[in-house]
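Undergrad: Sequence plus the predicted model coming up.
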Amino acid sequence: MSVLRLSVLTDETTSPERQRAANAAAAAGLGIDLGDREAVDLGVSASKTTPFERPELGKWLRRPDDFDALCFWRFDRAVRSMADMDDLVKWARENKKVIVFAEGPGGRLTLDFRNGVDLITELILKIFAFAAQFEAQSIRERVISAQDAMRVMPLRWRGSRPPYGYMPAPLDGGGWTLAQDPEAVAVIERIILELMGDPSKSVLGKSAADVARGLNADGIPSPRDHWSLKKGRDTGGKTGGRAGETVTRGRFTWRHGSIKELLTSERMLGWKTQDNKPVRDSEGKPVMATAEPILTREEFDAIGAVLSERSVDNKKVDRVDTMALLLRIIHCEGCGQRMYLHRPSANSKSTSKTETYKCGALTRGQKCDAPSIIKREWAEEYVERQFLWMLGALEVTHTRTIPGYDPQPEIDATLAEFEEHQAQRGRQKSNAGKAAWQRHADSLDARLADLESREKTPPRVEEIRSGKTYSRIWASADTAGKRKMLQDAGAHLNVKRSSRGGWRKLDERRVDFTVRDPFFAEAASELTSMGDELAANG
């Protein structure tokens, strides 16, 4: 079997063809029939994966009865460490295989493990493995050194997968930078628009979870899949499952957490980051990765504020699939706690199939002295009637916040970084280490001083009149939209326990509906008074 491997795959490389030709020539010289047996792992590092972990080679090694020999172009195409060489030799000895290296310092090398190997051969293998490991370590150090140098160069991109929203582009003078990726930026703009809503069109903002569901439903590739598609690769891949389990997925999906992470990363500002922290220059200023940032600082802070307000820690999120119009609105008089929609299942043994709202004390392990229950139809019809009577004639208005500029968020982030750096003071033993520590401390302090000197520009709030009344919007809204209107107004329905007897309609003495938000309560008072006056005057 012919084995091909390449750490970095580019369109210009011809290495796979060279490896294939060298393996074929070596096999022909030894009378080995390769047939169509070939393991090709492109874009796979031998320093990061053992032969058994590589996608194609690993499959073949788990089927040793399908071949007798392995042909590699050179030693480093097989392994880059002594430990991996030991494991491969152990496997070849146990399965009685031949390993061929087509080219190398001493020409072609053939290792026949069908009858074991002598000590000299094992020593040679150890030396080769040590040389490969030493070379890999040297390459790694050179790469890290080059990356460290490029990291503080403004606009220079060192390679690898770019942040979502950007793509590599040639930089004037040589090298690469980042430019906006039109396809990804269009998705980011959609996400922001759906999160923020459009008050001028009476469109409410969605939660990050709702936005993620919409993206997945429309087949929008996730950031990871987007990059795979741009590189002409298959989507999906391996991901963690339960403890000790690896799951392979055909595609990766959007999640609410990935949306929050995307929009709250300073990469949206065009900053370079390392370990999720800004890379800074000698003056403490963030180093730019691109001349085309996706968001301004004002936009970035405004979006971050919206996400913070809607976080699960600050506000409960309704289940998207709930059909309960009165969720968080209807309460039991007996205990003051919420009531919940009960929908008998088709397999329920109960003779009643009526949907009801019930006191939830029992499910919470609490006692209610007078638990309430009410038909869903009665409760929802009553609330709709009362809400529209109180506020139906009110014109819907929305507020739009025009972002200002507040240096405080960046001050807080920079100060946290400064304090973390200060905690390392005195741990440096070398003069060079002490000097490097002091330079970074000075740059952070300079950045803090610069930020503190900047004036805060407060945001402006504009009121937008929709020209539509609550009655009109209610008529076309779905359950979630109506529930949102009720919750925004502070709607509250109190339900008393019913008296005995078969009631064929709602006993309105059992229910009390109010709106508790001060603005809506005042508006309801004025509108109902006007309605009463008009009714009195005939």
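TA: Thanks, I have it. Computed from a predicted structure; not experimentally measured.
Undergrad: what's the single longest strand in the protein?
TA: strand 460-469 (DSSP state E).
Undergrad: Point out the other helices and strands that that one packs with.
TA: For strand 460-469, the packing partners by 3 or more CB pairs under 8 Å, 6 or more residues apart in numbering; DSSP states H and E come out as strand 395-402. From N, CA and C alone the C-beta is placed, and that goes for glycine too.
Undergrad: partners of the longest strand of the chain, with directions?
TA: Counting by DSSP bridges, the strands paired with strand 460-469 are strand 395-402 (antiparallel).
Undergrad: what are the ranges of the helices in the stretch 301-450 of the chain?
TA: Counting by DSSP state H, counting those that start in this stretch, the stretch 301-450 of the chain has helices at residues 376-391, 408-422, 431-452.
Undergrad: just to revisit the earlier point, pull out the buried residues from the longest strand of the chain.
TA: residue 469 (16 or more other CB atoms under 10 Å).
Undergrad: about what we covered before: deepest-packed of the helices of the stretch 301-450 of the chain, please.
TA: Of all the helices of the stretch 301-450 of the chain, helix 376-391 has the most neighbours on average by mean count of other CB atoms under 10 Å, namely a mean of 18.
Undergrad: lowest-pLDDT helix or strand in this structure?
TA: Ranked by mean pLDDT, DSSP states H and E, the weakest helix or strand in the chain is helix 119-151, scoring a mean of 64.
Undergrad: still on that earlier bit, got JSON lines for the helices of the stretch 301-450 of the chain, with distance to residue 225 too?
TA: JSON lines is the format used below for the helices of the stretch 301-450 of the chain (distance: least, CB to CB, whole Å):
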{"stretch": "helix 376-391", "distance to residue 225": "42"}
{"stretch": "helix 408-422", "distance to residue 225": "30"}
{"stretch": "helix 431-452", "distance to residue 225": "37"}
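Undergrad: So for residue 492, which of those sits nearest?
TA: For the helices of the stretch 301-450 of the chain, distance to residue 492 was read as CB to CB. The smallest value, 9.9 Å, belongs to helix 376-391.
Undergrad: From the contact counts, what lies against the closest one?
TA: Under the contact criterion of 3+ CB pairs under 8 Å, 6+ apart, helix 376-391 touches strand 356-359, helix 470-476, helix 479-488, strand 491-495, strand 511-515, helix 518-536.
Undergrad: Mind putting the ones you listed into JSON lines with distance to residue 431, mean pLDDT and mean neighbour count?
TA: As requested, the helices and strands packed on helix 376-391 are arranged in JSON lines below (distance: least, CB to CB, whole Å; pLDDT from 0 to 100; neighbours: other CB atoms under 10 Å):
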{"stretch": "strand 356-359", "distance to residue 431": "73", "mean pLDDT": "93", "mean neighbour count": "23"}
{"stretch": "helix 470-476", "distance to residue 431": "70", "mean pLDDT": "93", "mean neighbour count": "15"}
{"stretch": "helix 479-488", "distance to residue 431": "63", "mean pLDDT": "90", "mean neighbour count": "17"}
{"stretch": "strand 491-495", "distance to residue 431": "69", "mean pLDDT": "97", "mean neighbour count": "21"}
{"stretch": "strand 511-515", "distance to residue 431": "70", "mean pLDDT": "96", "mean neighbour count": "18"}
{"stretch": "helix 518-536", "distance to residue 431": "65", "mean pLDDT": "86", "mean neighbour count": "13"}
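Undergrad: helix, strand or coil for the residue lying closest to residue 269 once chain neighbours are set aside?
TA: Excluding the flanking residues, the one nearest residue 269 by CB to CB, 6 or more residues apart in numbering is residue 293, at 5.2 Å. For residue 293, the assignment made with DSSP: H, G, I helix; E, B strand; the rest coil gives coil.
Undergrad: re earlier: neighbouring strands of the helix or strand just after the least confident helix or strand of the chain in the sheet, and parallel or not?
TA: Next along the chain after helix 119-151, taking DSSP states H and E as the criterion, comes strand 166-170. Strand pairing for strand 166-170, using DSSP bridges, gives strand 176-180 (antiparallel).
Undergrad: List of residues touching the partner strand?
TA: Identification of contacts with strand 176-180 by CB atoms under 8 Å, 6 or more residues apart in numbering yields 155-157, 159, 162-163, 165-171, 270, 289-292, 294.
Undergrad: same deal with stretch 486-506?
TA: 325-326, 328-334, 339, 357, 370-375, 378-379, 381-383, 387, 391, 507, 509-517, 520-521.
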